[in-house]
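Peer 1: Sequence plus predicted model, see below.
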Amino acid sequence: MTDARHTTDTTDMTQAEDTGHWIHRPLPHHDEVNVVFFRGMSLDALTRELLAVQRIPLAYAKDTGWGLVMHDMFGWNSDDYDLTHYGQVCRGGGELVVIVTEPCLAKAHGPAFEYYRDGRLVSGFSFETPYYGVGDEPDLLASALTAARLIGPHAELDRDDQEERIARVISDFFALPDLELP
């Protein structure tokens, strides 16, 4: 992505040093980070809406199509453990592709995906159960996940790279820019 700005020092981490893919820890020194790709709304508008739901952007970038914001999963209050209400964040228009990288670090749950358009949850699923979608179009990515052998009768579920493969399918489906960490 071009024009990347980071408010967190990322010089001590590269994709290869961690686990090989950003899905496992996109920012050093931050657990439970949400990665939000956006389009159809400005970075300023997204930042204002995230601040309204008590989420501080940690890193951002803007490309010609999709932009990117990363923020801690939880709000700045020590007792704020509510999930981010992304429908509210993009209710004025725009699209969000959200990857919750560690929905519950302590319980070792896998990442989760959500796609919002104009304030509505269009599709989403847990990386643990990509065959069980939610939203207005729960099967939006089903054919792409089947083609990648992540769901369906020919699914290859015994591989160690399932989360990375799902992240690639999502990125390819939405034509998201590559997330390259310094």
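Peer 2: Structure received.

Peer 1: Now the top helix by length along the chain: buried residues?
Peer 2: Looking across the chain with DSSP state H, the single longest helix is helix 162-174. Neighbour-count burial for helix 162-174, counted by 16 or more other CB atoms under 10 Å, picks out 162-171, 173-174. For glycine as for every other residue, the C-beta is placed from the backbone atoms N, C-alpha and C.

Peer 1: do the same with stretch 147-167
Peer 2: For stretch 147-167, the neighbour count (16+ other CB under 10 Å) marks 148, 150-151, 155, 162-167 as buried.

Peer 1: and which of the residues you listed is nearest to Asp136?
Peer 2: Closest approach between these and Asp136, by CB to CB: Ile151, at 19.4 Å.

Peer 1: Now that the closest one has come up, it's in contact with Pro130, right?
Peer 2: Yes - at 5.6 Å, Ile151 counts as touching Pro130 under the criterion of CB atoms under 8 Å.

Peer 1: any shared contact partners between the two?
Peer 2: Contact criterion CB atoms under 8 Å, 6 or more residues apart in numbering; residues shared by Ile151 and Pro130: Leu145.

Peer 1: Quick check: phi and psi at the residue nearest to Val100 when sequence neighbours are not counted.
Peer 2: Nearest residue to Val100, sequence neighbours excluded (CB to CB, 6 or more residues apart in numbering): Ala112, at 4.3 Å. Dihedral pair for Ala112: phi -140, psi 150, per degrees, to the nearest 10.

Peer 1: For the protein, which helix or strand comes out least confident on mean pLDDT?
Peer 2: Least confident helix or strand, the chain: strand 5-6 with a mean of 40, by mean pLDDT, DSSP states H and E.

Peer 1: How far off centre is stretch 101-121?
Peer 2: Averaging C-alpha positions (CA atoms, centre = their mean, to the nearest Å) puts stretch 101-121 7 Å from its chain's average.

Peer 1: where's the closest residue to Arg168 other than its chain neighbours relative to Glu164, distance?
Peer 2: Once flanking residues are discounted, Arg168 sits nearest to Ala148: 7.5 Å by CB to CB, 6+ apart. Plainly put, Ala148 is 11 Å away from Glu164 if you go by CB to CB, to the nearest Å.

Peer 1: same deal with Glu95?
Peer 2: For Glu95 relative to Glu164 (CB to CB), the value is 23 Å.

Peer 1: Ala144 now?
Peer 2: Applying CB to CB, the value for Ala144 to Glu164 is 15 Å.
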